[in-house]
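Student: no FASTA, just this:
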C-alpha cells in the first residue's frame, strides 16, 4: 500500500500546481517566427506586384506536386513603359493545401525569395467544408502579404536564424 | 393512516409519493453535480481546467451532456437480442434507484426507514448484476460479453465482504435500521470503533461501483467499455445515471454507517440545513476520494482482483464479525474494538501489497491457431 | 496437486478481434486473440493498415525531398528517422558534417528520444488502466519539448530539419537556454512518473512477470532498443558504433534483468534520465558559433554509385536505412529497417498463455508506432 499512497500523493501534488491548459480558441499561443504552416506568395510593395516570376522552380522541387504555376509577360515591365524590372511575372498559381506536406523545399529553391511559409495562425486554421476549397489560387496566396499581415521568414539555407 | 412530512399531516400514500418525487429530483441533480464535479476534479488533478465553455465555469456541462445524449440516435445492432438489449439499462438502474428507499438524508427526511434497511440495501443493489449480464448478452458483442462476465464475477465476489462489513457494524450498533445506526453515533462515529470494517466496506464499495482499480468490467483499454459498447443515446445515459446514482447511494450509506451521517459531530439540534450540509460534506468527501483513487491507480487484473476479495477481504471481514461477537458476548470495553480494528487495518494494508503483488500462476499453455488458414486471413472474425 | 477431472469438459475458444479500431492498439494495428475465457491461447497480428509505400516513394524523388517522407515513417521520433537517412546520404557522398551541426543533431535526437518516451509512458499508463493522469503528465513534458522543436525547426512533428551535410538553418540564439528550460519541465515529468507508477503495488503486480522474453529469444527475433535491453542484452548502437558525438559524452546503457513488461517500462524511464544527462553534456561541449553546413554544397546533391547501411539508435531501437545508389540525384533503392516491426514480431511469444489484459499491456510495452511498422 506504500506505493499506492505514494502515487496518490503525487497526484495530489499536481492538484496543487497551476493548470497548464492553453484555452485555445480564446487564447492563441504566440507562434515562433520560424513556424511553418502552408506556403504563400510574397508581395513586392515597392513596385506593387508579386515577387514571383513564375519560374516553376518550386513546382519542380515539390515532393508531392501540389503546385501549379503559369507565367506571363509582365505588363508593367520597363520595356513596355512600366516600372518593374521583371520581364516575366506570375500569371496563375494554385497550391493544393490538402496535398502540401509543409516540407519547406519550395521556399529553399526559390531564387527570388517570392514564397514563404505562413507563420501566422491564419495558416493553421484552415478548416473548410469542401476539399476543393483547399486549392487556393494566386489571389488568396497573396492576400496576407499584400495586406502586410505577415512577418515572413525566408530562411537562408545553412546559415542564419534571426 | 397519516404520516408526518416536515410537520404536515398527510395520507401515507401521498406522503410516500411526495418523498419519492423529492428523492428522484435530488438524485438527478446530484448525479449531474457529480458528473460535473468528477470532470472538474480530474481536470485539476491533471493540471487541466475541465469544462469551461458551457455556462459560468462550465456549470451547465451536465445539462449539455444530457441534451446531447437525448438527441442521439438510439442504435441497436441487428444481431442483438431485442428484449434483453433494450431492458438491460433499466435492469441496472431500477435496483439502484430502489436502494434510495432506506437512506436517511437528514433527521426527518427519508422515504422509509426499514428495520432491515441494510439487508434490503445489499439485497436490492446486487440485482443490478442481472442487468449487466442482460446488456452484455443482448449486445451480441464479444467485448460486451467479456465485460458482463467480469462484472458478474466481481459483483458476486465483492458482495460478500461488503455484506460482512455491514453485518459487523450492525452487530455493534444493534440494528440494521440506518436511522438507529446514525442515532447511535452522536458522540463517536462508527469508523473509530470499526476501522477495519470501514476499510473493507470502502474497498468493496469501489468494486461494486466498478471504479478504478476495480473497473475491469468497463476497462476502456481492454474491453472498450464492456457492456456499454453497443449502446448509444438515452440508453447509454441510463448506464451513466445508474453509475453515478450508485456512487451517490454508496457515499450516503458510507456516511451514515461509518461517519455518523447528519448526526456526528454536532448532534441533531443544529437544524435541517446544517444537517443537509453535513451529509453533503461527508458524501462529497467519499466521492472525492473515489475520484482521487480513480486517477491514481492502475486497473487490477481479473485474477488479482478475485484473489484479493477471497483471500484478503473476506477472511478479514469474518474476523471482524468474530471479534465483534467476542467483545459483545464477553462485555469487554469498546477500546478492544478500536485496537483490534487498527491491528486489522495494519494487517490489511500489509497483506494488500503482498497479495496483490504476488506473482500469479500463469494459466495454461498455448493452443496454436496459426496453422488454421481461416483465421490468418481474418475470415472467421466478427 | 491438481488432478485432471475424469470427464472431458469441452469448451470452445472464441476469437476476439482487437483493432484496428481499438483504444489501445496505438494506431491501426489489429490482433486476433483466441481466448479461453480470460486467457489468451493464441494471437495473430495483422499489420499493413498504414502502409503508404514511403520507401518506394523516396526512390522517385531526390535526396532532399525524401527527408519529409522519413519524418512520416516515424512520427514520434522524426529527428532520429531523418538522422539515419541523411547519414546514409552523407556516407555515399563523403560530405563532412561540421562539428557544431553534429552537436545540435545530437541534442535534438536526444530531446526527441525524451519526447518519444514520454509518449510511451502516457500511453502505457492508459494501457495498464490509470485514467488520464500519466497521459497528461506525459503531454506536459512533451509539450515543452515540442514547443522547442517548433522554435528550432518550424514544425511540431514533421521537422524536415536535417539536411545532408548539416542542418537546414541555424538554431535560435537562445537555444541553450530554451533547452535548459525544457529539460526542467521534462525532469519534473520523469519524476512524476517515477513517484506515481514505479512503486505502485498494483502497477508492479500488473507488469512484473508479464510478457517475459529471454535474452536468447529476443536476439532471435531481432529485437532492439529498450525492448531488448530490458531482457539483459546490452545492445545500444550509440555505444557500439558511436555516431555523431556519442563517443565524447559519458552515459550508461540501461540494461534490465527479467525482460518482462516492468523492466521494459523501467528501462525507458531510466533511459530518459540518461538522455537528460547526455543533453546536459552536449550543451556544455557545443560550440556557440560555427558553420552548420559545409562551405561548398552542390545545389543538387548527387551521390556516387554504391550502397550503404546506416543504423542509429532511435527511441524504439535500431532504425536503419539501407540505401543503394546508381549515381544521380535519387536513390535506386531505399529500405528502412524498422525497429518496431522486429519488436512486434515477438508479440505472440510474449502474450500467449496470459490474460487478455496482459496482452494489451504487452503490446503497450513494446511501444510500437504503426507508421514505422507499415511505412
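Tutor: Good, I have the coordinates. All figures in this text were calculated on a predicted structure; none of them were measured in a lab. Residues are numbered from 1 along each chain as shown, chains lettered A, B, ... in the order given.
Student: quick one: secondary structure of residue C:320?
Tutor: Under the three-state scheme (DSSP: H, G, I helix; E, B strand; the rest coil), residue C:320 adopts strand.
Student: once you drop chain neighbours, what's closest to residue B:63?
Tutor: Of all residues not flanking residue B:63 in the chain, residue B:32 sits nearest, at 7.0 Å (Cβ to Cβ, 6 or more residues apart in numbering or on different chains). Placement of C-beta: from N, CA and C, glycine included.
Student: which helix or strand contains that neighbour?
Tutor: Using DSSP states H and E, residue B:32 sits within helix B:12-45.
Student: next secondary structure after that helix?
Tutor: Remark: after helix B:12-45, the chain's next helix or strand is helix B:61-71, criterion DSSP H and E.
Student: tell me the first helix or strand C-terminal of that next one.
Tutor: Downstream of helix B:61-71, the next assigned helix or strand under DSSP H and E is helix B:82-98.
Student: who does the next helix-or-strand element following that following helix touch, helix- and strand-wise?
Tutor: Next helix or strand after helix B:82-98 toward the C-terminus (DSSP H and E): helix B:117-125. Helices and strands touching helix B:117-125, by 3 or more Cβ pairs under 8 Å, 6 or more residues apart in numbering or on different chains; DSSP states H and E, are helix B:82-98, helix B:142-173, helix B:178-183, helix B:233-257.
Student: how about the strands in chain A?
Tutor: Using DSSP state E, the strands of chain A run over A:39-41, A:43-44, A:49-50, A:67-73, A:88-96, A:115-117, A:135-136.
Student: give the other helices and strands that the second one contacts.
Tutor: The reference is to strand A:43-44. When contacts are defined as 3+ Cβ pairs under 8 Å, 6+ apart, strand A:43-44 sits against strand A:49-50, helix A:138-146.
Student: let me see the mean pLDDT of that strand.
Tutor: If you average the pLDDT over strand A:43-44, you get 86.
Student: spit out the contact partners of the residue in chain C that chain B sits nearest to.
Tutor: Minimum separation of chain C from chain B (Cβ to the nearest Cβ) falls at residue C:129, amounting to 2.6 Å. Neighbouring residues of residue C:129 by Cβ atoms under 8 Å, 6 or more residues apart in numbering or on different chains: B:212-213, B:215, B:219-222, B:298-299, C:206.
Student: same thing but at 10 Å, please
Tutor: Neighbour list for residue C:129: B:212-213, B:215-216, B:218-222, B:297-301, C:24, C:202-203, C:206, C:357, C:360-361 [criterion: Cβ atoms under 10 Å, 6 or more residues apart in numbering or on different chains].
Student: residues near residue 21, how many?
Tutor: Because you didn't say which chain, this covers chain A. Around residue A:21 there are 14 other residues, counting by other Cβ atoms under 10 Å in any protein chain shown.
Student: um, chain B though
Tutor: Using other Cβ under 10 Å as the criterion, the residues surrounding residue B:21 number 10.
Student: nearest to residue A:13, of the helices and strands packed on helix B:117-125?
Tutor: In terms of Cβ to Cβ, the element of these nearest to residue A:13 is helix B:233-257, at 25.1 Å.
Student: in that closest one, what counts as buried?
Tutor: In terms of neighbour count (16 or more other Cβ atoms under 10 Å in any protein chain shown), helix B:233-257 has its buried residues at B:234-257.
Student: pLDDT of that helix, averaged?
Tutor: The average pLDDT within helix B:233-257 is 87.
Student: ok and the longest helix anywhere in chain A relative to helix B:12-45, angle-wise?
Tutor: Longest helix in chain A by number of residues, with DSSP state H as the criterion: helix A:2-16. Between helix A:2-16 and helix B:12-45, the angle comes out at 90 degrees (axes from the mean of the first three to the mean of the last three Cα atoms, to 10 degrees).
Student: report pLDDT for the closest residue to chain A within the stretch 101-250 of chain B.
Tutor: Closest contact between the stretch 101-250 of chain B and chain A, by Cβ to the nearest Cβ, is at residue B:213 (8.7 Å). We note a pLDDT of 85 for residue B:213 in this prediction.
Student: residue ranges of the helices in the stretch 51-200 of chain C, please?
Tutor: For the stretch 51-200 of chain C, the helices defined by DSSP state H, counting those that start in this stretch occupy C:54-59, C:63-73, C:78-93, C:99-128, C:133-153, C:175-193.
Student: what are the boundaries of the strands in the stretch 151-300 of chain C?
Tutor: C:162-163, C:166-167 (DSSP state E, counting those that start in this stretch).
Student: any idea how chain B splits into domains?
Tutor: With automatic domain parsing as the criterion, the domains of chain B are listed as B:1-71, B:77-357.
Student: what's the most buried one of those domains?
Tutor: Highest mean neighbour count among those (mean count of other Cβ atoms under 10 Å in any protein chain shown): domain B:77-357, with a mean of 20.
Student: picking up where we left off before, against residue B:42, how distant is the residue of chain C closest to chain B?
Tutor: As for residue C:129, its distance to residue B:42 is 15 Å (criterion: Cβ to Cβ, to the nearest Å).
Student: same check, this time on residue C:12
Tutor: Noted for residue C:12: a distance of 41 Å to residue B:42, by Cβ to Cβ.
Student: how about the secondary structure of the residue of the stretch 101-250 of chain B at minimum distance from chain C?
Tutor: At 4.0 Å from chain C, residue B:221 is the closest residue in the stretch 101-250 of chain B, using Cβ to the nearest Cβ. Recorded secondary structure, residue B:221: helix (three-state DSSP).
Student: so it touches residue C:135, yeah?
Tutor: No: proximity of residue B:221 to residue C:135 does not meet the contact threshold set by Cβ atoms under 10 Å, at 11.3 Å.
Student: shared neighbours of those two, anything?
Tutor: Here residue B:221 and residue C:135 have C:123, C:125-126 as joint contacts, going by Cβ under 10 Å, 6+ apart.
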